[in-house]
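Quick one: sequence and predicted model below, then my questions.
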Amino acid sequence: MAGRGRPTVAIELSEQERETLQRWARRHSSSQALALRSRIVLGCHEGLTNGRVAAREGCHPVTVSKWQHRFAEDRLEGLTDAPRPGAARTIADETIEAVVVDTLETAPGQDTHWSTRGLADKHGLSKTTVAEIWRAFGLKPWRQDSFKVSPDPDLIDKIRDIVGLYLDPPDAAAVFAVDEKPQIQALDRTAPTLPMLPTTPQRATHDYQRNGTVDLFAALDIARGTVISDLRKSHNQNGFVAFLNKINREVPDDLDVHIILDNLSTHKTPKVQRWLLRRRRFHLHFTPTYRSWMNLVERWFSALTTKKLQRSAHRNARELATDIRAWIHTWNEDPTPFVWHKTAEEILDRLAGYCRAINQSA
C-alpha cells in the first residue's frame with residue numbers, strides 16, 4: 001500500500017550532487033545536522049513522502065519539508081547553516097576539514113592519536129584553535145570506550161525474554177532481579193575524613209585498612225522497588241540456595257516467581273536444579289553472556305555503592321554488615337523502582353550497528 005502523507009517536492013540530483021550527499025551522510029567528519037539534511041534530500045530523491053522520510057530519520061515532517069525546499073532553491077549550499085553575526089572566521093573550511101580528517105583517520109608517527117600541539121604544528125594553527133575545532137565536532141581523541149559483543153548463541157532470545165519481563169511482566173507473578181555483590185570490604189581510613197566546606201570538597205586519605213569482607217545477596221522486586229537481602233561470610237551454592245529459600249518464604253504462595261540472574265556457575269549447580277524441581281513456581285531467566293548490565297539489580301548495587309559504601313568507614317565486617325542492613329531497611333521504607341525503557345528491538349538495532357562498525361573497520 002502506498003505511504004500516506006504530504007507529497008515531497010520532486011528532487012532531481014546530478015551524479016555529483018548524489019555522490020556529495022552520500023559522502024556527507026556517512027562520513028564521521030560531517031556534522032550530525034548536515035548528515036541528517038543529506039539523508040532527507042536523498043530520501044526525497046527516492047520519491048518517498050515527507051511522512052515516510054520523517055519516520056525513517058526520526059524527525060518531524062516539517063523538518064523534511066524545510067530542507068527539501070531549501071535544497072530545491074539553493075542546491076547543496078542550501079543545506080549548510082547560514083552565517084551568524086560575529087567576527088569573520090580566519091580559518092578556511094579546508095583547514096578545518098583537514099584537522100578533522102587527520103584526527104579521525106591518521107595518527108602521528110608511532111603514537112596512537114593526535115594531541116592538540118601535534119596537529120597545531122602540522123597545520124600551522126594554535127593548539128587553542130585545534131581544541132576549539134575538536135570541541136565543535138565533539139572529538140576527544142584522548143578518550144577510548146570499550147565494548148564486548150556477546151558470543152551467547154541464545155543472545156536474541158534472552159534479550160527478548162528479559163526485556164519482556166521488564167516491560168510486560170506476567171500476571172499473578174513476582175519478578176525479581178537477583179545478583180550477589182561479593183567481597184564487600186570493611187575499609188577504615190588511616191586518618192579522619194575532613195568535612196566539606198564552602199569551596200572545598202570533603203577530603204579523605206587515599207590509604208586505608210582492610211578489616212574483613214561480607215557477601216551481599218539481593219533480590220530487587222521490579223514492580224515495587226523493594227529489596228530482599230541476605231549477608232553471608234562467603235559466596236557459594238549453599239548460600240545461594242539459602243537465599244532462594246528466603247525469597248520463597250517472603251513471596252505469597254499464590255504467586256509465581258520469575259528470577260533474572262547472570263550465568264555464574266553457582267546459579268546452575270545440581271543442588272540448585274534439584275531445589276527448582278521441588279518448587280515449580282520458580283522460573284530462572286539468565287542474562288546473555290557479558291550482558292549482566294541487563295540485570296536491574298546492578299543499578300541498585302550502584303546506588304548502594306555511591307550513596308553508602310564509597311565514603312563509609314568500618315572497623316570490622318560486623319559493623320559493615322550492620323550498616324548495610326540499616327541502609328537497606330531505610331530503602332525499603334520508601335523504595336524507588338527502576339524503570340526499564342529500551343525495547344528488545346532497540347537493543348538489537350544498537351548491537352547491529354556495533355557489528356556493522358566492526359565489519360567496516362576490519
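Yep, it's here.

how about the strands of the chain, start to end?
Per DSSP state E, the chain carries strands over the ranges 173-189, 208-221, 227-232, 256-261, 282-286.

What residues sit buried inside the shortest one?
Judged by neighbour count (16 or more other CB atoms under 10 Å), strand 282-286 contains these buried residues: 282, 284-286. In this view, the C-beta of every residue, glycine as well, is placed from N, C-alpha and C.

picking that back up, now distance to L167 and mean pLDDT too, for the strands of the chain, in a markdown table please.
Shown next, in a markdown table, are the strands of the chain (distance: least, CB to CB, whole Å; pLDDT from 0 to 100):
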| stretch | distance to L167 | mean pLDDT |
| --- | --- | --- |
| strand 173-189 | 11 | 91 |
| strand 208-221 | 16 | 91 |
| strand 227-232 | 21 | 94 |
| strand 256-261 | 13 | 95 |
| strand 282-286 | 14 | 95 |
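
need those in a markdown table with distance to I159, can you?
Formatted as a markdown table, these follow (distance: least, CB to CB, whole Å):
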| stretch | distance to I159 |
| --- | --- |
| strand 173-189 | 15 |
| strand 208-221 | 19 |
| strand 227-232 | 24 |
| strand 256-261 | 12 |
| strand 282-286 | 11 |
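
Walk me through the domains of the protein.
As assigned by automatic domain parsing, the chain contains the domains 15-79, 93-137, 155-190+208-345.

Tell me which of those sits nearest to V149.
For V149, the closest of these is domain 155-190+208-345, at 8.0 Å, according to CB to CB.

residue ranges for the helices of the stretch 201-350 of the chain, please.
Using DSSP state H, counting those that start in this stretch, the helices of the stretch 201-350 of the chain run over 237-250, 270-277, 297-304, 317-333, 344-361.

Please name every helix or strand in contact with the third one.
Same thing as helix 297-304. Applying 3 or more CB pairs under 8 Å, 6 or more residues apart in numbering; DSSP states H and E, one finds that helix 297-304 contacts strand 173-189, strand 208-221, helix 317-333.

By mean pLDDT, show me the worst of the helices of the stretch 201-350 of the chain.
Ranked by mean pLDDT, those bottom out at helix 344-361, with a mean of 83.

any residues touching that one, and which ones?
The contact list for helix 344-361 (CB atoms under 8 Å, 6 or more residues apart in numbering) reads 147, 149, 156, 159-160, 163-164.

which residues does the nearest residue to H267 once chain neighbours are set aside bridge with?
Among residues not flanking H267 along the chain, L261 sits closest, at 5.5 Å (CB to CB, 6 or more residues apart in numbering). Taking DSSP bridges as the rule, L261 bridges to F286.

L261 and S292 touch, don't they?
No - at 9.1 Å, L261 does not count as touching S292 under the criterion of CB atoms under 8 Å.

joint contacts of these two?
Going by CB under 8 Å, 6+ apart, residues that sit against L261 and also against S292 are D179.

Out of the two, name the residue with the larger neighbour count.
Counted by other CB atoms under 10 Å, L261 and S292 do not tie: L261 has more neighbours, with 22 against 15.

Against W340, how distant is S146?
23 Å (CB to CB, to the nearest Å).

higher neighbour count, these two?
Using other CB under 10 Å as the criterion, S146 and W340 rank with W340 on top: 16 against 4.

Please name the nearest non-neighbouring residue to the more buried one.
Once flanking residues are discounted, W340 sits nearest to Y166: 3.7 Å by CB to CB, 6+ apart.

I figured the one you found hits R299, correct?
No - between Y166 and R299 there is no contact, the gap being 11.7 Å when judged by CB under 8 Å.

okay, these two: which has more neighbours?
Neighbours per residue (other CB under 10 Å) separate Y166 from R299, with Y166 holding more: 20 against 13.

tell me the pLDDT at the more buried one?
As predicted, Y166 sits at a pLDDT of 95.

Could you report the distance from it to I259?
13 Å.

any common contacting residues for the two?
V175.

Against L261, how distant is L155?
Distance from L155 to L261, counting by CB to CB: 17 Å.

same deal with V297?
Distance, V297 to L261, using CB to CB: 9 Å.

The buried residues of strand 282-286: which two are farthest apart?
F282 and F286 (13.5 Å).

which residues do V297 and L261 both contact?
In contact with both V297 and L261: 177-179, using CB under 8 Å, 6+ apart.

burial measure for K307, as a count.
The tally of other residues near K307 (other CB under 10 Å) stands at 12.

No more questions from me, cheers.
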